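Q: The following block contains a protein sequence and its predicted model.
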Amino acid sequence: MTTFRRVVESREERSFLVRAGRAGRAGRADNARVRLSGYDLLTGPWYTPLTFFYRETLDGAQLRASLARTLRRYPPLAGRLVRDRDGGLSALCNDAGVRFIEAVSPEPMREYGPQLRTEPVIGHLLREVSAFRVIDRDTPLLKIRLTQMRGGGSVLGVMINHSLADGANTLAFLESWSREHRGLPYPEPCHDRSLLDALGQESADPAIVDARAFVGVSRLRLLTTNIKVGLNKLATVATRFEAAELAAMKRTAQKQLTDTGSWVSTNDVLTAHIWQVLGELRARPDDAAEWLGMIIGAQSRLGAALPAEYWGNCVSNSWTRTSAAALRTRPLGRLAQDVRACLDANTADKLRDEIAFLNSYRRAGVSRHVMSVRAPDVFETAVSINNWSQFPLYRIDLGAGTPFWYEFPDLPVPTVHIAPTPAEDGGRDVYLCLAQEHAAAVRSPAWLERLHAYGTLHGKPAPVGE
């Protein structure tokens with residue numbers, strides 16, 4: 001059996017409950033309720049584990065103290081999820097507390113990175129946070145596990161309930177914690193979901209309605225889709241694209257642009273290249289449909305209508321398609337233009353229509369019957385791109401310097417996760433979450449060479465991590 005990650009052994013030493021200790025400065029007194037938005041309800045009460053690796057040793061007591069201070073501005077994280085009468089969810093800001101576990105490992109800190117990856121270092125936390133044991137239970141919405149390695153160094157595992165925050169706002173919280181820990185100022189987050197709800201406006205344009213990223217389905221279809229997704233076996237491999245390699249890739253794409261004044265970004269070109277390589281790897285029939293999903297942050301696209309400090313879920317997506325034959329043969333520049341057009345389709349009008357659509361399902365008490373339009377067939381026909389390359393993953397300094405590596409979890413559907421490199425030097429670390437047979441194949445020399453056709457590392461193709 002192919003091994004994609006190693007396991008860091010550790011044992012639990014102490015468990016703490018961290019509370020803010022007083023009413024939050026963000027204007028939420030104890031037992032206030034933050035009613036979750038339609039975007040919040042899409043994710044379900046699942047947890048997202050992120051793991052950060054530090055060469056120096058973090059101080060657990062100091063982390064708990066700064067975390068308590070940070071929670072005063074983030075009262076939903078110290079609260080609990082409760083069901084509303086209409087079937088929606090609210091965060092009860094009762095300062096019930098955050099779970100903080102300290103553990104030790106008999107292992108030394110290793111040189112983790114694309115070539116040496118681990119399971120998320122969160123101990124038994126995943127087994128403790130079943131989505132079926134969160135709502136109307138005394139289950140913390142934020143869990144931290146600090147593992148001290150033999151000989152120095154620390155691993156910080158963070159699990160935030162996805163119904164409270166998307167990736168960008170999860171990192172916003174971690175950056176706030178980092179700045180609080182070091183005595184630096186940071187913005188006051190806005191937890192008022194009604195500001196997002198108020199932006200909803202159904203569109204009369206059939207094209208905008210057809211472009212909705214979400215659809216209402218029957219309970220049976222929702223159940224069968226979730227079962228189908230749960231049966232899939234995926235694994236994640238990682239590889240690093242150096243800045244020079246990306247520059248060469250972009251130069252090639254730009255030479256192929258046909259329209260005067262047309263422009264594509266480095267991430268557009270990288271996305272197009274990966275989509276094309278995965279299309280070749282999957283080798284589907286020429287006339288088969290190949291879908292590309294782009295996960296986008298809606299917050300910036302709504303402009304000044306939503307405060308810059310809004311904290312919650314504010315993510316949509318859009319899709320583009322082509323035939324398998326065209327995907328394998330189309331010039332890179334043209335594919336990059338398709339990627340750019342897919343991103344640009346997320347207009348403010350499209351997002352306002354989606355917000356209104358999600359609000360209508362919440363009012364009807366059937367928010368749980370909404371899912372992505374491509375959810376039923378995403379495993380066979382599609383891949384999603386989640387671009388975190390601008391996120392401050394390597395700026396989370398909690399008193400012992402910044403992390404030297406960050407680990408992303410396996411996902412239930414094929415996804416390409418793009419992240420900055422630890423040096424933030426213009427390169428990208430790319431996590432490929434694929435069907436296990438494809439994840440194993442992409443590490444072979446032939447596919448390595450194809451994946452890194454625009455660059456080399458020490459005279460050889462850049463390696464894909466195990």
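A: Now that the structure is in, tell me what you want to look at. Fair warning: this is a prediction, and the values are worked out from it, not measured in the lab.

Q: The closest residue to residue 407 other than its chain neighbours bridge partners, please.
A: By the measure of C-beta to C-beta, 6 or more residues apart in numbering, the closest residue to residue 407 outside its immediate chain neighbours is residue 51, 4.0 Å from it. Just so you know, the C-beta spots here come from the backbone N, C-alpha and C atoms, and that holds for glycine as well. On the basis of DSSP bridges, residue 51 is bridged to residue 157, residue 407.

Q: these two touch, right, residue 51 and residue 154?
A: No: using C-beta atoms under 8 Å, residue 51 is not in contact with residue 154; the gap is 11.0 Å.

Q: where in the stretch 1-150 of the chain is pLDDT low?
A: 1-7, 22-30, 119-131 (pLDDT under 70).

Q: which residue ranges form the strands in it?
A: For the stretch 1-150 of the chain, strands defined by DSSP state E, counting those that start in this stretch occupy the ranges 11-18, 32-35, 47-54, 80-83, 89-93, 98-108, 142-150.

Q: Rebuild the ones you listed as a markdown table, extending it with mean neighbour count and distance to residue 205.
A: Putting these into a markdown table (neighbours: other C-beta atoms under 10 Å; distance: least, C-beta to C-beta, whole Å) gives the following:
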| stretch | mean neighbour count | distance to residue 205 |
| --- | --- | --- |
| strand 11-18 | 14 | 48 |
| strand 32-35 | 18 | 29 |
| strand 47-54 | 22 | 34 |
| strand 80-83 | 17 | 35 |
| strand 89-93 | 23 | 31 |
| strand 98-108 | 18 | 44 |
| strand 142-150 | 22 | 40 |
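
Q: Which one, of the ones you listed, ends up nearest to residue 179?
A: strand 47-54 (15.7 Å; C-beta to C-beta).

Q: roughly how far is the closest one from the heart of the chain?
A: How far strand 47-54 lies from its chain's middle: 11 Å, per C-alpha atoms, centre = their mean, to the nearest Å.

Q: One more: stretch 67-77?
A: Computed by C-alpha atoms, centre = their mean, the separation of stretch 67-77 from the middle of its chain amounts to 22 Å.

Q: can you list the residues that contact it?
A: For stretch 67-77, the external contacting residues (C-beta atoms under 8 Å, 6 or more residues apart in numbering) are 18-26, 28, 32, 34, 78, 91, 93, 95, 98, 100, 141-142, 144, 160, 164, 173, 176-177, 180, 188-189, 191, 311.

Q: Swap in 7 Å and give it another go.
A: Outside stretch 67-77, the residues within contact range by C-beta atoms under 7 Å, 6 or more residues apart in numbering are 18-22, 24-26, 28, 34, 78, 91, 93, 95, 98, 141-142, 164, 173, 176-177, 180, 188-189, 191.

Q: buried stuff in it?
A: 67-68, 70-77 (16 or more other C-beta atoms under 10 Å).

Q: Stretch 318-336 now?
A: Using 16+ other C-beta under 10 Å as the test for burial, stretch 318-336 gives 318-324, 326-328, 330-336.

Q: now do the same end-to-end measure for it.
A: Terminal residues of stretch 318-336 are spaced 15 Å apart (C-alpha to C-alpha, to the nearest Å).

Q: Could you break this structure into its assigned domains?
A: Domain assignment for the chain, taken from automatic domain parsing, gives 11-196, 205-451.

Q: Quick check, residue 301 in contact with residue 350.
A: No: using C-beta atoms under 7 Å, residue 301 makes no contact with residue 350, being 8.8 Å away.

Q: All set, thanks.
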